[in-house]
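# turn this into a model:
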Amino acid sequence: MGAYLNALGVICTFGAGKLAVAEALFAGNDAGLRSESGWLPDHAVPLGRVRTALPPIPLALASTRDNRNNRLLLAAAQEIEIDIQTAITRFGSERIGVVLGTSTTGIEEATHGIGHYQRESAWPADYRYAHQELGAPAEFLAEWLDLAGPCYGISTACTSSARALMSARRLLQLGICDAVLCGGVDTLARLPIHGFHALEAMDDARCEPFSQNRRGINIGEAAVLFLMTREPGPVQLLGSGASADAHHMSSPEPSGLGAKHAMQAALAQAGLDATQIDYLNLHGTATEHNDRMESRAVAEVFPDGVRCSSTKSLTGHTLAAAGALEAAFCWLSLTDDRAARRLPPQVWDGAADPELPPLSFTRVGDHLPASGARRLMSNSFAFGGNNACLILGDPI
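Modelled structure (predicted):
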């Protein structure tokens, strides 16, 4: 049974909507990563903030659901609202599920509320514990659309939204749903920014994935929403794989064993050989350990090489939204209205780390083959050794 990604709504530091995102992505435009102060004491860091205006939360939900995370999600949902309403009319509200990945949800608003409590010994009037619940974005979307199907959040750190797509596919396979809204959303928040800073995992300049000069991540924010159904659409989720190596709470298994298993599982589910993958979107965080293990895993799975890039030097690491955002980049390549079907480029300093296996990085202007079935892979790895891999391609 096929699972098709029929519609895509997306917003990130590139801008709002598929057109703006595609043009900045394929041009390798890193202008959205800008240094900001105020997040860390006496310290400025580049952040991939969404700077476009966000829609207000509908009045009926404003008292309980108004936070930046939900407004970002609403912006992505409104881009495909006609597709969603068509699916509701066709299948009924009880046959449409919502599965979203998040890690920050409304924690920034909750942090302000907790600070107020520490100062005043009382909660502010607008404090809502529900803002920080990990299922809150999915619940908000279901409430806004009046959906009655399965609705839940997934929070497995930076694989969350990739896992949401995998979970959505399973709901379709089991016949529980006829359509699923799936993806992820995370917004900038002090808690993760301070956390990564404490781990000494953040770069004070634009991050440099796989470079010998890499010093850590930049953090960004994004919302991505797919409409997935069994009905043929422009892009098919051909396969997925997951593993959990549980090597360390925050460091990946050094040899890349868990990453390799996830990629191999995705290939097996899709019935593909590694030589049939046209492009790989790397997790590529620009941290010392992640890039080392991922390059080792890729070299083993793709001994003949594969064109690849990390897009986090353009968007920042959008945490739980990263898996869906980078799957969206693959979706945009496959549906690019130019005959060339452009690929996301690797934007970095070009200083390859001699201690890492060499990778075949894409450049601005590179594109998919002009004919034949095209297949793209996207990796996502997370704290706790949680690994996920998706394969998207032309419908079969």
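# show me where this structure has its helices.
For the chain, the helices defined by DSSP state H cover 18-27, 62-65, 68-79, 81-91, 107-120, 136-145, 160-173, 190-198, 257-270, 288-301, 312-315, 322-335.
# of all these, which one is nearest Met228?
When the helices of the chain are compared by CB to CB, helix 160-173 sits nearest Met228, at 4.9 Å. C-beta here means a position set from N, CA and C on the backbone, and glycine is covered the same way.
# tell me the mean pLDDT for that closest one?
Averaging pLDDT along helix 160-173 gives 98.
# same check on stretch 120-137?
Stretch 120-137 comes out at a mean pLDDT of 92.
# next: stretch 366-383.
On average, stretch 366-383 scores 94.
# cool, and stretch 94-103?
98.
# next: stretch 41-57.
On average, stretch 41-57 scores 96.
# how long is that stretch end to end?
31 Å (CA to CA, to the nearest Å).
# buried set for stretch 374-390?
374-382, 384-390 (16 or more other CB atoms under 10 Å).
# pick out whichever of these sits closest to Ser37.
Of the buried residues of stretch 374-390, the one sitting nearest to Ser37 (CB to CB) turns out to be Ala382, at 28.5 Å.
# now the closest one. Nearest residue, chain neighbours left out?
Distances taken as CB to CB, 6 or more residues apart in numbering put Ala157 closest to Ala382, at 3.7 Å, once the chain neighbours are dropped.
# contact partners for that neighbour?
Ala157 sits next to 103, 319-320, 382-384, 386 when contact means CB atoms under 8 Å, 6 or more residues apart in numbering.
# and these, which is closest to Glu36?
Of the contacts of Ala157, the one sitting nearest to Glu36 (CB to CB) turns out to be Leu319, at 16.6 Å.
# the closest one contacts Asp186, doesn't it?
Yes - using CB atoms under 8 Å, Leu319 is in contact with Asp186, at 4.5 Å.
# what is in contact with those two at once?
With CB under 8 Å, 6+ apart, Leu319 and Asp186 have common neighbours 103-104.
# so where's the stretch 151-300 of the chain shaky on pLDDT?
249-250 (pLDDT under 70).
# hmm, back to that, restricted to strands, list the buried residues of stretch 374-390.
375-382, 386-390 (DSSP state E).
# distance from stretch 279-295 to the middle of the chain?
Distance of stretch 279-295 from the chain centroid (CA atoms, centre = their mean, to the nearest Å) equals 15 Å.
# distance of the residue nearest the centre of the chain relative to Phe381?
The centre of the chain sits closest to Ala322, judged by CA atoms, centre = their mean, with a distance of 2.2 Å. According to CB to CB, to the nearest Å, Ala322 and Phe381 sit 10 Å apart.
# joint contacts of these two?
With CB under 8 Å, 6+ apart, Ala322 and Phe381 have common neighbours 158, 283.
# ok, now which ones touch Gly323?
Gly323 neighbours (CB under 8 Å, 6+ apart): 101, 158-165, 184, 378, 380, 388, 390.
# my guess is Asn281 meets Trp331, correct?
No - look at Asn281 against Trp331 with CB under 8 Å: they stay out of range, at 10.9 Å.
# neighbour count for these two, which is higher?
Asn281 (29 against 25; other CB atoms under 10 Å).
# so what sits opposite that one in the bridge?
Ser309, Ser378 (DSSP bridges).
# got the contact list for Glu355?
Taking CB under 8 Å, 6+ apart as the test, what Glu355 contacts is 212, 292.
# from Leu145, how far off is the spatially closest residue to Thr318 that is not a sequence neighbour?
Of all residues not flanking Thr318 in the chain, Ala222 sits nearest, at 4.2 Å (CB to CB, 6+ apart). In this view, Ala222 and Leu145 are 21 Å apart by CB to CB.
# residue contacts, Arg163?
Here Arg163 is in contact with 101, 154, 156, 242, 323, 388 (CB under 8 Å, 6+ apart).
# the last one touches Ala244, doesn't it?
No - taking CB under 8 Å as the contact criterion, Ala388 and Ala244 are not neighbours in contact, 9.8 Å apart.
# thinking again about what came up before, adding distance to Trp39, write the helices of the chain out as a markdown table.
Shown next, in a markdown table, are those (distance: least, CB to CB, whole Å):
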| stretch | distance to Trp39 |
| --- | --- |
| helix 18-27 | 23 |
| helix 62-65 | 25 |
| helix 68-79 | 14 |
| helix 81-91 | 33 |
| helix 107-120 | 10 |
| helix 136-145 | 22 |
| helix 160-173 | 22 |
| helix 190-198 | 5 |
| helix 257-270 | 30 |
| helix 288-301 | 22 |
| helix 312-315 | 17 |
| helix 322-335 | 19 |
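# out of those helices, which is closest to Ala352?
Nearest to Ala352, of all these, is helix 288-301, at 10.0 Å by CB to CB.
# buried stuff in the closest one?
Result for helix 288-301 [16+ other CB under 10 Å]: buried residues 290-301.
# from the residues you listed, which is closest to Glu120?
Asn290 (41.3 Å).
# now the closest one, nearest residue through space, not along the chain?
Closest residue in space to Asn290, ignoring its immediate chain neighbours: Pro252 at 5.7 Å, by CB to CB, 6+ apart.
# check Ala31 too.
Ala24 (7.9 Å).
# next, the contact list for that neighbour, please.
14-15, 31-32, 314.
# and the gap between Ala53 and Gln212?
Counting by CB to CB - Ala53 and Gln212 are separated by 40 Å.
# wait, I meant Gly48
24 Å.
# settle it for me: which of these two has more neighbours?
Gly48 (25 against 12).
# surely the more buried one meets Leu319?
No - checked against CB under 8 Å, the pair Gly48 and Leu319 is beyond contact range at 10.7 Å.
# what sits in contact with each of the two?
Ile219.
# which residues does the nearest residue to Leu47 once chain neighbours are set aside bridge with?
Leaving out its chain neighbours, the residue that sits closest to Leu47 by CB to CB, 6+ apart is Glu36, at 5.0 Å. Beta-bridge partners recorded for Glu36 (DSSP bridges): Val45.
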